[in-house]
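Enquirer: I'll drop the sequence and a predicted model, then ask my questions.
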Amino acid sequence: MPPKIELHCHLDGILDPEMARDIRAEDPGFPVDPELLAGAYPVDSFQRFSDWWRFPAALQGDLDRFRPVLKRHLKRLAAEDVIYAELMIGGSEIPVDTSEAIDKLSEVRAWLKPQTAGRIQVEFLACFGRNKPPESLEAKVARNIALYEAGLIAGVALAGPEEGYRVQPHHRTFARYHDAGVPIEIHAGEWCGPESIWDVLRYGFPKRIGHGVSLFADPALVDAVREKGIHIEMCPTSNLKTGSIGRIEEHPIRKAIELGLRFSVNTDDPGPFGNSMESEYALLQNVFGFTEDDLGRVFAHSAAARFRSGLPGTP
């Protein structure tokens, strides 16, 4: 298998029934019932996707609850030759108090070290929702900058519903991150048109944009993204399963390589979608006709877009 890099995956979107059964066998007190979780499948529409989230909600609020999930996820990544992975962790998993947050993330990263055995570099992004009040997001800036400066997170990410939740009200928050040198990722163009991505470019200081499906509807926007060297985190299976596209063949990832954009391929939420980095790479070859040279470009673009480098053997 060729080495792979994943830049767009949510920690609370990893759990699946097989993993839950394995965890329950080891820990009967694990709060997610594997058989009830199995009843949430198939996830093949936005509504089914929304319904699925009630299961990982039982783990939210404490990063330690995700350790058994993360442990098994890392084994799967290693089996697929993923050598670098960034994981988005939700706001409820990070303590509000800065010193408490530093202690918690330090403990988890110390626990991670033997789990990866030097095979995978794992980095965290602090992820927050577009639908939160601006003052709520700004209140966490100092804490997140401290976590970044301590090497405990590699950047920040903005996710959540696009419709009715522009980036503009959060401009001051992102300006503070930008001025502090904290890398920024923003999900956009998944459910709204090119105007959503323009909003991000004007007010969000992004190094990377998540999804970007609607980017290609506006040639001027394509030019702007290419000229600024902004990386697009593409998630084909995710976009199909939630209805952002109607057929997998409609996904614009082939256009991205033809237009010379910098992009990666990612799972987004492998728990509900049943995908993996290996299956996404198979799509690139079998559906979109990527050659070995094309796959090499995907790897190079992914490596260049990492928010924190350092793994031996990578560019």
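Expert: Arrived safely, thanks for sending.
Enquirer: Pro272 is in contact with Thr237, isn't it?
Expert: No: taking contacts as CB atoms under 8 Å, Pro272 lies outside contact range of Thr237: 10.3 Å. C-beta: built from backbone N, CA, C; applies to glycine.
Enquirer: can you give me the strands for the stretch 151-300 of the chain?
Expert: 155-159, 184-188, 208-211, 231-234, 262-265 (DSSP state E, counting those that start in this stretch).
Enquirer: Nearest to Glu18 among those strands would be which one?
Expert: In terms of CB to CB, the element of those nearest to Glu18 is strand 262-265, at 22.8 Å.
Enquirer: What are the contacting residues of the closest one?
Expert: Residues outside strand 262-265 that contact it (CB atoms under 8 Å, 6 or more residues apart in numbering): 5-8, 212, 229-236, 253, 256-257, 277, 280-281, 283-284, 298, 301-302, 304-305.
Enquirer: on that earlier part again, just put the strands of the stretch 151-300 of the chain in CSV and tack on mean pLDDT.
Expert: Formatted as CSV, the strands of the stretch 151-300 of the chain follow (pLDDT from 0 to 100):
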stretch, mean pLDDT
strand 155-159, 98
strand 184-188, 98
strand 208-211, 98
strand 231-234, 98
strand 262-265, 98
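Enquirer: Present the ones you listed as TSV; the columns should include mean neighbour count and distance to Arg21.
Expert: Formatted as TSV, those follow (neighbours: other CB atoms under 10 Å; distance: least, CB to CB, whole Å):
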stretch	mean neighbour count	distance to Arg21
strand 155-159	25	28
strand 184-188	27	31
strand 208-211	26	30
strand 231-234	26	30
strand 262-265	25	28
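Enquirer: so how far is stretch 254-267 off the chain centroid?
Expert: 16 Å (CA atoms, centre = their mean, to the nearest Å).
Enquirer: hang on, the earlier thing: pick out whichever of Pro272 and Thr237 has more residues nearby.
Expert: Pro272 (28 against 22; other CB atoms under 10 Å).
Enquirer: How much space separates the more buried one from Asp33?
Expert: 16 Å (CB to CB, to the nearest Å).
Enquirer: And the helices in the stretch 1-150 of the chain?
Expert: 17-26, 34-38, 46-52, 67-79, 98-116, 134-138, 141-149 (DSSP state H, counting those that start in this stretch).
Enquirer: Let me have these in a markdown table, adding mean pLDDT as columns.
Expert: A markdown table is the format used below for the helices of the stretch 1-150 of the chain (pLDDT from 0 to 100):
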| stretch | mean pLDDT |
| --- | --- |
| helix 17-26 | 98 |
| helix 34-38 | 98 |
| helix 46-52 | 96 |
| helix 67-79 | 97 |
| helix 98-116 | 95 |
| helix 134-138 | 97 |
| helix 141-149 | 98 |
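Enquirer: List the residues that contact the nearest residue to Val82 once chain neighbours are set aside.
Expert: Once flanking residues are discounted, Val82 sits nearest to Lys4: 4.7 Å by CB to CB, 6 or more residues apart in numbering. Going by CB under 8 Å, 6+ apart, Lys4 touches 80-83, 277, 281, 299, 302.
Enquirer: What subset of these is buried?
Expert: 80, 82-83, 277, 281, 299, 302 (16 or more other CB atoms under 10 Å).
Enquirer: residues of stretch 213-223 that come out buried?
Expert: Neighbour-count burial for stretch 213-223 [16+ other CB under 10 Å]: 213-216, 218, 221-222.
Enquirer: how near is Ile153 to Ile102?
Expert: Taken as CB to CB, the span from Ile153 to Ile102 is 10 Å.
Enquirer: Compare the two (neighbour count), which wins?
Expert: Ile153 (29 against 17).
Enquirer: Please report the distance of Ser196 from Asp64.
Expert: Taken as CB to CB, the span from Ser196 to Asp64 is 35 Å.
Enquirer: what about those two, which has more around it?
Expert: Between Ser196 and Asp64, Ser196 has the larger neighbour count (other CB under 10 Å), namely 24 against 12.
Enquirer: Kindly provide the distance from that one to Ile153.
Expert: 25 Å.
Enquirer: What are the boundaries of the helices in the stretch 151-300 of the chain?
Expert: Under DSSP H, counting those that start in this stretch, the stretch 151-300 of the chain gives helices at 171-179, 194-203, 219-228, 236-241, 253-258, 270-273, 277-286, 292-305.
Enquirer: Packing partners of the fourth one?
Expert: In terms of contacts (3 or more CB pairs under 8 Å, 6 or more residues apart in numbering; DSSP states H and E), helix 236-241 is packed against helix 270-273, helix 277-286.
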